[in-house]
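A.B. asks: turn this into a model:
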Amino acid sequence: MNYIAILAQTTSAVNEASTGEFVPIDELWKTITSLQLLEALTFIAFGTICLMYGWRVFKTLVVISFGLIGMFAGTMAAAEISGEEQQVIGGILGLLMFAALSIPLMKWAVSILGAIAGAIVTAGLWYACSLPEKYIWAGGLIGLVAGGMIAFIALKWAVMLFSCLGGSALVITGMLALLNLWSKTDEQVYELVHERNWFLPVAIIVPAAIGFFTQQKFIKRSAEWSL
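C.D. replies: Residues are numbered from 1 along each chain as shown. Model (predicted):
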């Protein structure tokens, strides 16, 4: 799968729909439907590792996460400056730059990812409660501040927060893709994703919360673990 090409297409679609929906459900659905059996199983396997043992491989996860953020930012910047034909180059440069910067600035990178994870959680709860979508940024801002505060108070919590949320998102995406591939459940999956606001936030946050408490127990038993 050409992830950079998919990212470029997603960025263009988001830019075109920027005056429409505030929650990119259609783009999430495209991701779910684009996964085949092997890819869905890979999402589930990798997501489970992040969910349960993200604290052990968090440095790798931070580099990967910042690389993806850089790829997205580079793609958008290249599209604005040079047009769509330079999106791939911009994405590659952004990926390499952000991934490289995250290594010497690991603690700051963890704090940023913890804040972003907090923003996603509270924005998801806002959406789940069917509050006005155009103000969803307000819900996200609450989590952004809370996640940032958590990172400064206890950096390990930030590690657990972003690794559990990311792992849960991968697992749920893979599971929904598998159910969508099965003809007997594809219509139900579509209905849950598009017509039940509560479904995706609950489906992601609940496993993430379980993983958070599980990781906390694992960390307590591993005295040598540190940032």
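
A.B. asks: ranges for the helices of the protein?
C.D. replies: 3-16, 25-34, 37-53, 58-81, 87-102, 106-128, 136-153, 155-181, 186-195, 199-220 (DSSP state H).

A.B. asks: which one of the ones you listed is the most hemmed in?
C.D. replies: Of all those, helix 155-181 has the most neighbours on average by mean count of other CB atoms under 10 Å, namely a mean of 23. Any C-beta I mention is one placed from the backbone N, CA and C, and that applies to glycine too.

A.B. asks: and the angle for that one with helix 136-153?
C.D. replies: Angle of helix 155-181 versus helix 136-153, following axes from the mean of the first three to the mean of the last three CA atoms, to 10 degrees, is 140 degrees.

A.B. asks: coming back round to it: least confident of the helices of the chain, on average?
C.D. replies: If the helices of the chain are sorted by mean pLDDT, helix 3-16 sits at the bottom with a mean of 42.

A.B. asks: now do the contacts for residue 185.
C.D. replies: residue 179 (CB atoms under 8 Å, 6 or more residues apart in numbering).

A.B. asks: from residue 59, how far out is it?
C.D. replies: 38 Å (CB to CB, to the nearest Å).

A.B. asks: same deal with residue 70?
C.D. replies: For residue 70 relative to residue 59 (CB to CB), the value is 16 Å.

A.B. asks: do the same with residue 42
C.D. replies: 21 Å.

A.B. asks: residue contacts, the residue nearest in space to the middle of the chain?
C.D. replies: Centroid-nearest residue in the chain: residue 166, 5.1 Å away (criterion: CA atoms, centre = their mean). Residue 166 makes contact with 47, 50, 54, 61, 65, 117, according to CB under 8 Å, 6+ apart.

A.B. asks: please repeat the previous calculation with a cut-off of 7 Å.
C.D. replies: Shown in contact with residue 166 (CB atoms under 7 Å, 6 or more residues apart in numbering): residue 50.

A.B. asks: find the nearest non-adjacent residue to residue 193, please.
C.D. replies: residue 29 (5.8 Å; CB to CB, 6 or more residues apart in numbering).

A.B. asks: sorry, that was for residue 44
C.D. replies: Here the residue nearest residue 44, using CB to CB, 6+ apart, is residue 174, at 3.8 Å.

A.B. asks: the one you found touches residue 47, doesn't it?
C.D. replies: Yes: with contact defined as CB atoms under 7 Å, residue 174 reaches residue 47; the gap is 6.5 Å.

A.B. asks: quick check: the residue lying closest to residue 37 once chain neighbours are set aside vs residue 196, distance?
C.D. replies: Leaving aside its sequence neighbours, residue 37 sits nearest to residue 181 (CB to CB, 6+ apart; 6.4 Å). According to CB to CB, residue 181 and residue 196 sit 20 Å apart.

A.B. asks: equivalent analysis for residue 58, please.
C.D. replies: Residue 58 is 32 Å from residue 196, by CB to CB.

A.B. asks: one more: residue 189?
C.D. replies: According to CB to CB, residue 189 stands 11 Å off from residue 196.

A.B. asks: residue contacts, the residue nearest to residue 125 when sequence neighbours are not counted?
C.D. replies: Closest residue to residue 125 apart from its sequence neighbours, by CB to CB, 6+ apart: residue 201 at 6.0 Å. Taking CB under 7 Å, 6+ apart as the criterion, residue 201 is in contact with 124, 125, 127, 128.
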